[in-house]
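Undergrad: here is a sequence with its predicted model. Questions after.
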Amino acid sequence: MRITYELEALKKFISKFKAELKDGTGILGKALKDWAFVYKLFTLERYNTFAAGGGDWPPLAPSTVRKKEKKGLDPRILIETGTLFDTLDPSLSFNPDGSSEITIMNGIVGVGFNEDMHAPSIEKGHPLTIAELGGFHQRGTVNMPQREILVSPDKDATEEMVDIMQVAIVDLLERTKNGPVQ
C-alpha cells in the first residue's frame, strides 16, 4: 500500500507564516499589534494599582510626599505630570505617545519607552527622554528605589495573547488551505 500526502497547502502556510512573522504584516502582524495592545493595557492597569500603593513598589519618601503636596502634584507614586503613565495607554493615539513598539525579526514585538520624546520636567535641568525617565525607575538609582514598570505579563494577559495568536494561526491556515493567500 502507498500513501501520498499533498503538502502544497502546508508549504504555502509555512512560507506565509514565516513571511508574516519576519516583516510583521498580514494576519500575524495584526496579532502582534494586538499583543502590544494587550501588554500595554496590562502594564497600564498594573501601574495604576501600584501608583496608588498596591503591589510591591516602595512608598514615596516623606520628603517627596511633602514636595508633591507643596507643588499641588498628584500624590500617587510615579505620577507627577502623567506623561510616563500615559505612554502605556494603548487607547491614546497621539503621535509620538512616548511609548515605543517595534517589530523585531521573526515577529517578536518589543514595547518600551520612546527615546526621542522628552518628558515635561518639573525640575530645572536637563530634560529627560521618556526612555531615560522610564529606565531610571525600571532599574532604580543610588537615590531612588527600583519600581519596575515593564514586567512579564500576568496569567490573564498571557492567556489573551495565546488566544489572539491561535485565532490568527487558524485563520492563516484556513486561508492557505482554501486558496491563494493575499
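TA: On my side now, so go ahead. Just so it is clear, the model here is predicted, and its values are computed rather than measured.

Undergrad: so where do the strands sit in this structure?
TA: Using DSSP state E, the strands of the chain run over 99-104, 108-113.

Undergrad: tell me the mean pLDDT for the first one?
TA: So the one you mean is strand 99-104. Strand 99-104 carries an average pLDDT of 57.

Undergrad: ok, now the last one?
TA: With pLDDT averaged residue by residue, strand 108-113 scores 64.

Undergrad: okay, now the unreliable bits of the protein?
TA: Residue ranges of the chain with pLDDT under 70: 3-6, 92-110, 112, 114, 116-118, 120-126, 178-182.

Undergrad: any idea how far residue 173 lies from residue 25?
TA: As judged by Cβ to Cβ, to the nearest Å, residue 173 and residue 25 stand 17 Å apart. In short, each C-beta sits where N, CA and C put it, glycine included.

Undergrad: check residue 136 too.
TA: Counting by Cβ to Cβ, the separation of residue 136 from residue 25 is 35 Å.

Undergrad: go on, residue 141?
TA: Shown here: residue 141 relative to residue 25, a distance of 40 Å by Cβ to Cβ.

Undergrad: and the two? which has more neighbours close in?
TA: The neighbour count for residue 141 versus residue 25, taken as other Cβ atoms under 10 Å, is higher for residue 25 (13 against 10).

Undergrad: residue 9 touches residue 176, doesn't it?
TA: Yes: with contact defined as Cβ atoms under 8 Å, residue 9 counts as touching residue 176 (5.8 Å).

Undergrad: can you give me the buried ones in stretch 46-57?
TA: 46, 47, 50, 51, 57 (16 or more other Cβ atoms under 10 Å).

Undergrad: for that stretch, the distance to its chain's centre please.
TA: Distance of stretch 46-57 from its chain centroid, counting by Cα atoms, centre = their mean, to the nearest Å, is 17 Å.

Undergrad: what does it contact?
TA: Residues outside stretch 46-57 that contact it (Cβ atoms under 8 Å, 6 or more residues apart in numbering): 59, 76, 77, 78, 79, 85, 88, 145, 147, 149, 151, 154.
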